[in-house]
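*Asks:* One predicted model, sequence on top.
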Amino acid sequence: MDELKSLKQILKLISYILERKPDEFGLVPDENGYIKIKSLLFAINEDEGFKFVRRHHIHDVLSFLPESQLEINDDKIRSKYRDNLPIQSISDTPPKLLYTCVRKKAHSFTLEKGIFPVGNNKVVLSPVKEMALRIGKRFNQSPVVLTVNTQKALETGIIFYNSGDLYFAETIPPDCFTAPLLPKQKEEPAHAEKQKEITPKHMPGSYILNLEIAEEEKKRTKLQRKKKEISWKKERKRMSRVKI
């Protein structure tokens with residue numbers, strides 16, 4: 001009984017998202033109303049009371065609750081009732097500032113080339129920084145938050161779209177947003193660099209130097225051998241005298 005009650009609560013939340021307010025959860029349905037199941041689960045698990053929900057729970061909803069209007073197609077899900085979904089339209093007067101996130105690895109590229117879509121056919125933007133960060137954390141633990149100046153973007157010909165609480169754009173040029181400075185790369189200590197210059201792996205002339213060392217070693221070996229030989233001869237002569 002408790003399990004059935006739990007499934008009904010899950011269905012209620014999913015239906016609300018897929019039928020009315022996907023934007024409230026930072027989700028963007030495609031042109032057919034589908035949302036990736038993985039993205040839906042990310043959004044659901046952000047709610048403290050639904051952290052336990054996994055994909056098999058969604059399949060259980062379809063199996064045990066005949067009133068469910070959910071449809072699954074491969075890795076996507078939608079509701080049959082979509083009349084109340086927010087419609088995406090052009091926004092002539094978007095908020096002055098909009099926020100979005102990029103992965104840390106894309107930070108440098110974004111500063112140089114601009115912002116491009118990730119996981120959607122348009123760049124997803126939010127007027128609320130916390131929502132942008134919430135969306136960004138679904139694909140990176142420490143995303144980089146970017147602040148878009150919509151007026152500058154409009155002046156360059158960028159068109160903004162709006163659907164519920166979210167905004168969209170095909171791309172955002174580099175001079176139309178601000179971002180944190182790139183993290184400084186760790187520099188090697190000056191003495192370490194100097195050491196590399198003084199003692200490289202293959203120092204010029206090292207081959208000649210090695211030859212000279214080897215030659216000196218040979219000379220010392222010959223001298224030691226000669227000393228032993230002289231010492232042996234002296235000892236032999238001494239023993240000869242003793243016998244006589």
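*Replies:* Noted; the coordinates are in hand.
*Asks:* how many neighbours does residue 86 have?
*Replies:* The burial count assigned to residue 86 is 16, neighbours taken as other Cβ atoms under 10 Å. C-betas here are computed from N, CA, C, even on glycine.
*Asks:* sorry, that was for residue 16
*Replies:* Counted with other Cβ under 10 Å, the neighbours of residue 16 add up to 14.
*Asks:* give me the element the nearest residue to residue 26 once chain neighbours are set aside is part of.
*Replies:* Distances taken as Cβ to Cβ, 6 or more residues apart in numbering place residue 135 nearest to residue 26, at 4.2 Å, with adjacent residues excluded. Residue 135 is part of helix 129-136 when elements are defined by DSSP states H and E.
*Asks:* Tell me the strands beside the helix or strand following that helix, with direction?
*Replies:* Downstream of helix 129-136, the first helix or strand assigned by DSSP H and E is strand 144-149. Its sheet considered, strand 144-149 pairs with strand 97-102 (antiparallel), strand 177-178 (antiparallel) by DSSP bridges.
*Asks:* Pick the most buried one from those strands.
*Replies:* strand 97-102 (a mean of 23; mean count of other Cβ atoms under 10 Å).
*Asks:* how is this protein carved up into domains?
*Replies:* Listed by automatic domain parsing, the domain ranges of the chain are 2-79, 89-178.
*Asks:* Can you give me the end-to-end span of the first one?
*Replies:* Yep, that's domain 2-79 we're talking about. With Cα to Cα, to the nearest Å as the measure, domain 2-79 spans 25 Å from end to end.
*Asks:* and if you look at stretch 22-39?
*Replies:* The straight-line separation of the ends of stretch 22-39 (Cα to Cα) is 11 Å.
*Asks:* And the contacts of that stretch?
*Replies:* Stretch 22-39 has contacts (Cβ atoms under 8 Å, 6 or more residues apart in numbering) with 17-18, 40, 43-44, 46, 55, 58, 72-73, 75-79, 82, 85-86, 119-120, 124, 126, 131, 134-135, 138, 163-166, 168.
*Asks:* go on, stretch 148-165?
*Replies:* If you take Cβ under 8 Å, 6+ apart as the criterion, stretch 148-165 is touched by 21-24, 28, 86-91, 94-100, 115, 122, 125-128, 131, 167-173, 175-178.
*Asks:* one more time with 7 Å, if that's ok
*Replies:* The contact list for stretch 148-165 (Cβ atoms under 7 Å, 6 or more residues apart in numbering) reads 21, 23-24, 86-91, 94-98, 100, 122, 125, 167-169, 172-173, 175-177.
*Asks:* Flag every buried residue along it.
*Replies:* 148-150, 153-154, 158, 160-165 (16 or more other Cβ atoms under 10 Å).
*Asks:* now, which of those residues lie within strands?
*Replies:* Applying DSSP state E to these, the entries found in strands are 148-149, 160-163.
*Asks:* Pick out the most distant pair among the residues you listed.
*Replies:* Spatial extent of these (Cβ to Cβ) is set by the pair 149 and 163 at 21.1 Å.
*Asks:* which of the contacts of stretch 22-39 are buried?
*Replies:* Among those, those buried by neighbour count (16+ other Cβ under 10 Å) are 17-18, 40, 43-44, 58, 76-79, 85-86, 124, 126, 131, 134-135, 138, 163-166, 168.
*Asks:* So which residues of the protein form strands?
*Replies:* Under the criterion DSSP E, the chain carries strands at the ranges 35-36, 70-73, 76-79, 89-91, 97-102, 123-125, 144-149, 160-163, 166-169, 177-178.
*Asks:* Now distance to residue 11 and mean pLDDT too, for these, in a markdown table please.
*Replies:* Shown next, in a markdown table, are the strands of the chain (distance: least, Cβ to Cβ, whole Å; pLDDT from 0 to 100):
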| stretch | distance to residue 11 | mean pLDDT |
| --- | --- | --- |
| strand 35-36 | 15 | 96 |
| strand 70-73 | 8 | 96 |
| strand 76-79 | 10 | 98 |
| strand 89-91 | 30 | 97 |
| strand 97-102 | 30 | 98 |
| strand 123-125 | 26 | 97 |
| strand 144-149 | 34 | 98 |
| strand 160-163 | 24 | 97 |
| strand 166-169 | 24 | 98 |
| strand 177-178 | 39 | 98 |
